[in-house]
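Participant: Can you look at this prediction? I've put the sequence above it.
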Amino acid sequence: MIRTENLVFEYIRRDEEGNVEGITRAVDGVNLDIKPGQFIAILGHNGSGKSTLAKHFNALLYPTEGEVFVDGMNTEDDDNLWNIRQEAGMVFQNPDNQIIGQVVEEDVGFGPENMGVPTKEIWERVEESLNTVGMLQFRKSSPNHLSGGQKQRVSIAGVIAMHPKCIIFDEPTAMLDPNGRKEVIRAARALNDVEKITIILITHYMEEVIYADKVFVMDKGHIEMSGTPREIFSQVDKLKELRLGVPQVTLLAHELKKSGLPIKDGILTKEEFVQELKRIKGI
Amino acid sequence: MLRDITLGQYYRADSVLHRLDPRVKLVATFMFIISLFIVKNFIGYIIAALFLVTGIALSKVPPKFIFRGMKAIFFLLFITMLFNLFLTPGKELVSFWKITITYEGIKMAVMMAIRLVFLITGSSLMTLTTTPNNLTDGLESLLRPLKAIRVPVHEISMMMSIALRFIPILMEETDKIMKAQMARGADFESGSIIKRAKSLVPLLVPLFISAFRRANDLAMAMEARCYRGGDGRTKMKPLIYAKTDYMAYAAIVLYLVLIVVFGRILF
C-alpha cells in the first residue's frame, strides 16, 4: 500500500535575506513497506519526525531524497497527486482546524464535492460515512457544538466519504480527553476490522498501539525499532532510552520480573497480566 | 455562551420566504432598493410599503426583530432629516434667526426618512430569512458571470464561508486569552479610551499568531481532502429553482412595473 525507499526530508531554515541558516534533517533514511489491510502504529516523542513522515504519505510534503510510493504511484509525479490524496486520506491533530463546513453533513460532503462526485452520490456517501462513525444523528448540527471526540469522528467521516484505501491518523487524540481518545481509537479499529481500510496511526500514547499489527518506533528521523506490539514492549529499557513510556501494566510486569518473579515479557493488557499471575500461582 | 452567537441575524422559522432560493431574495432586495430611489411621489411609497408588509407577513418573523435593526441607524436617520430640512432651498415656511424651513425641505426630509427605513427593513428581511451560508451560495451563483472577467468568485465565497465558520472559534479564543491575561493582572476595563485600546495590543498579538497557525492547518487539511479550487467541483446542495421561485420572480417584475407606472409616469 505504502512503500518508502531511503526517504530523507530536510527542513531548510533561511534568514531574512533568504540565505540558508541551517538544515534540519527531520526524516533520515526511512524504509517502510506497509501492506494493504494492516493496522500500523508509528511511535515517537515530539520532534522524532513521525508527523513529517506522515505528511509524505499523501503528498503534502515531497522527499528531499528517496521515493515514496502510494499504491504503486510515485508521490512526486504530479499526475498522480489527486489520486494519491483520494486513496490515502488524512486525519489531523486539531479537530477545529480541519472542519470546513458549518454543518456536519456539509463538512463530510466537502471531500466528495472536490472530487466531482455527482450530487446524489454525495448524499449517499455522507449518510453512509456518518453512520460508520456513529454520528448520523448529528448530521444537521454545527461542529462548534460537538465535543472534541465527536468533532474528530466527523473528520474521520469526511475522509471515509472519499472512499480511501488507507487512512493516516496524525496524532488524532493529542488534544482530546480520555473519553474522546477512546471514541477515536475505537472508530479507527472498526474501520480496519470491518471496512478493511489500511490504518496508519501516529501517536505518542502507548495504550493506543497495542492493537496494531506492526509498530515502528522513530527517533531523530530514524526508525529505531519495529515489530509487533509484544516485541516492542518487551524491550522496556530501550523504550525508556528513547524517552517513551510503556503501558502501566507492561511496566508493572517488567518491574516484577526484575524483582525476581518468573513473569513473561511483553504483557500488554490487564487480562493477560491476571492470567499470567494465575499461571505462576498455579491457580 | 460564545458558541451560541448567531451570525448575521438569521431568525429560524419555516416560511415561504425562508424556503425561497437565496438568489431570488438577493435579486428582490436589490430591485427593491433600486425602486426606492426611482420613486418620485408618495403613491410609489405606498406600493413599496405594501410590498414590504406582504414580505414581512409571509416571513413569519416577528416585527420586533425586523425593527430592531432600526436602532442602529436612528442617529444617521436623524442627521439626514435635519440636513434635508434646513438646507433645501425653496418656498419659505418658517424663518427664525439664521434658519429657514422650506416646504421642499419638509417633503425631502420625509421622503429621505421613508427611503432609509424601507431600505433597512428590506435588507434585514433578507438576512433574517436566509442563513449566511445560503447567502454566500446565492452570491456565488449570481456573480458567476463575473468569472469571465477574472473575478475569483468561487474563492471569494469560499473565503466568506470559512470566515463565518471561524468567527465563533476565534471569539472563544479571544475570551480564553483575555482570561489568561487577566489572571496575570492585565486590565482591560479601566482607564481612558486610549489606555484601553493600548491594553488590547497584547491580546491581538497572540490572537493573530494563532489565527495564522489555524489558517495553515486548515489549508493543509483542505489540500489533503483534494481541494483544488472551484473547477471540476460538484455541489452537495446545488441551488435549483422551484415553482415558488419563479412565482416570486414574477411578483418582483409586477412590483417593478407598478412602481414605474404609478410612482413615476402617471402622477
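Facilitator: Great, that's in hand.
Participant: which phi and psi does the residue sitting nearest the centre point of chain A have?
Facilitator: The residue lying closest to the centre of chain A (C-alpha atoms, centre = their mean) is A:L201, at 1.8 Å. The phi/psi pair for A:L201 (degrees, to the nearest 10) reads phi -110, psi 120.
Participant: That one bridge partners, please.
Facilitator: A:A41, A:F169 (DSSP bridges).
Participant: Can you classify A:T173 by secondary structure?
Facilitator: Of the three states, A:T173 takes coil according to DSSP: H, G, I helix; E, B strand; the rest coil.
Participant: where does the nearest residue to B:M158 once chain neighbours are set aside land on pLDDT?
Facilitator: Leaving out its chain neighbours, the residue that sits closest to B:M158 by C-beta to C-beta, 6 or more residues apart in numbering or on different chains is B:G230, at 7.8 Å. (C-beta placed from N, C-alpha, C; glycine too.) Looking at B:G230, its pLDDT reads 80.
Participant: pretty sure the residue nearest to the centre of chain A is touching A:A212, no?
Facilitator: Yes: contact criterion C-beta atoms under 8 Å: A:L201 and A:A212 qualify, at 6.8 Å.
Participant: Now for these two: what residues contact both?
Facilitator: Common contacts of A:L201 and A:A212, defined by C-beta atoms under 8 Å, 6 or more residues apart in numbering or on different chains, comprise A:39-41.
Participant: what about A:V27, which helix or strand?
Facilitator: Here A:V27 sits within strand A:20-34, counting by DSSP states H and E.
Participant: Quickly check: that strand near chain B or not.
Facilitator: No: shown here: strand A:20-34 not in contact with chain B (C-beta under 8 Å from any C-beta of the partner chain), separated by at least 15.9 Å.
Participant: can you give me the mean pLDDT across that strand?
Facilitator: Strand A:20-34 shows a mean pLDDT of 86.
Participant: helices or strands up against it?
Facilitator: Counting contacts by 3 or more C-beta pairs under 8 Å, 6 or more residues apart in numbering or on different chains; DSSP states H and E, strand A:20-34 is packed against strand A:2-14, helix A:50-56, strand A:222-227.
Participant: Among these, which comes closest to B:L76?
Facilitator: Proximity to B:L76, assessed across those by C-beta to C-beta, is greatest for strand A:2-14 (51.1 Å).
Participant: Tell me where the stretch 51-200 of chain A has helices.
Facilitator: Taking DSSP state H, counting those that start in this stretch to define them, one finds helices in the stretch 51-200 of chain A at A:81-87, A:104-108, A:110-115, A:119-132, A:148-160, A:178-194.
Participant: Give me the contact list for the first one.
Facilitator: So the one you mean is helix A:81-87. A:58-59, A:70-71, A:73, A:75, A:115, A:162-166, B:223-226, B:228.
Participant: again, only this time at 6 Å
Facilitator: For helix A:81-87, contacts defined as C-beta atoms under 6 Å, 6 or more residues apart in numbering or on different chains pick out A:58-59, A:70-71, A:73, A:75, A:162, A:164-165, B:226.
Participant: between the residues you listed, which is closest to B:I46?
Facilitator: Of those, the one sitting nearest to B:I46 (C-beta to C-beta) turns out to be B:C226, at 54.7 Å.
Participant: Could you tell me how many residues sit around that closest one?
Facilitator: 23 (other C-beta atoms under 10 Å in any protein chain shown).
Participant: what sits against it?
Facilitator: A:82, A:85-86, A:114-115.
Participant: Name the strands paired with the strand holding A:V27 and say parallel or antiparallel.
Facilitator: Assessed with DSSP bridges, strand A:20-34 is paired to strand A:2-14 (antiparallel).
Participant: Next, the angle from the partner strand to strand A:222-227.
Facilitator: Orientation check (axes from the mean of the first three to the mean of the last three C-alpha atoms, to 10 degrees): strand A:2-14 against strand A:222-227 gives 150 degrees.
Participant: With only the CA atoms kept, save strand A:2-14 in PDB.
Facilitator: Taking Å, rounded to 0.1, in the frame of the first residue of the first chain, the C-alpha atoms of strand A:2-14 are listed here in PDB:
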ATOM      1  CA  ILE A   2       2.700   2.500   1.000                       C
ATOM      2  CA  ARG A   3       6.400   2.000   0.400                       C
ATOM      3  CA  THR A   4       9.200   4.400   1.100                       C
ATOM      4  CA  GLU A   5      12.800   4.000  -0.200                       C
ATOM      5  CA  ASN A   6      15.600   5.700   1.700                       C
ATOM      6  CA  LEU A   7      13.300   8.600   2.400                       C
ATOM      7  CA  VAL A   8      15.100  11.800   3.500                       C
ATOM      8  CA  PHE A   9      13.400  15.100   4.300                       C
ATOM      9  CA  GLU A  10      15.200  18.300   5.300                       C
ATOM     10  CA  TYR A  11      13.700  21.500   6.600                       C
ATOM     11  CA  ILE A  12      15.700  24.400   5.400                       C
ATOM     12  CA  ARG A  13      15.800  27.400   7.700                       C
ATOM     13  CA  ARG A  14      16.500  30.700   6.000                       C
END
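Participant: Contacts for that strand, please.
Facilitator: Residues outside strand A:2-14 that contact it (C-beta under 6 Å, 6+ apart): A:20-30, A:32-34, A:52, A:57, A:63-70.
Participant: by contact count, what packs against the helix or strand of chain B with the lowest mean pLDDT?
Facilitator: In chain B, the helix or strand scored least confidently by mean pLDDT, DSSP states H and E is strand B:92-96, which has a mean of 76. Applying 3 or more C-beta pairs under 6 Å, 6 or more residues apart in numbering or on different chains; DSSP states H and E, we find strand B:92-96 packed against strand B:99-102.
Participant: For the strand it packs on, list every residue counted as buried.
Facilitator: Within strand B:99-102, the residues scored as buried using 16 or more other C-beta atoms under 10 Å in any protein chain shown are B:100-102.
Participant: farthest-separated two in the contacts of helix A:81-87?
Facilitator: Farthest apart among the contacts of helix A:81-87 - using C-beta to C-beta - are A:T75 and A:M162, which lie 17.1 Å from each other.
Participant: what's the closest of the shared contacts of A:L201 and A:A212 to chain B?
Facilitator: A:I40 (18.3 Å; C-beta to the nearest C-beta).
Participant: Look up how far B:K195 lies from B:R214.
Facilitator: Counting by C-beta to C-beta, to the nearest Å, the separation of B:R214 from B:K195 is 30 Å.
Participant: what does the stretch 151-267 of chain B put close to chain A?
Facilitator: B:165, B:168-169, B:214, B:217-218, B:221, B:224-227, B:232-234, B:236, B:238 (C-beta under 6 Å from any C-beta of the partner chain).
Participant: could you flag which of those are buried?
Facilitator: The neighbour-count criterion (16+ other C-beta under 10 Å) marks B:165, B:168-169, B:214, B:217-218, B:221, B:224-227, B:233-234, B:236 among those as buried.
Participant: Sitting in helices, which of these do you find?
Facilitator: By the criterion of DSSP state H, membership of these in helices covers B:165, B:168-169, B:214, B:217-218, B:221, B:224.
Participant: would you turn those residues into JSON lines with pLDDT?
Facilitator: Below are those laid out as JSON lines (pLDDT from 0 to 100):
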{"residue": "B:R165", "pLDDT": "84"}
{"residue": "B:P168", "pLDDT": "82"}
{"residue": "B:I169", "pLDDT": "87"}
{"residue": "B:R214", "pLDDT": "93"}
{"residue": "B:D217", "pLDDT": "92"}
{"residue": "B:L218", "pLDDT": "93"}
{"residue": "B:A221", "pLDDT": "92"}
{"residue": "B:A224", "pLDDT": "92"}
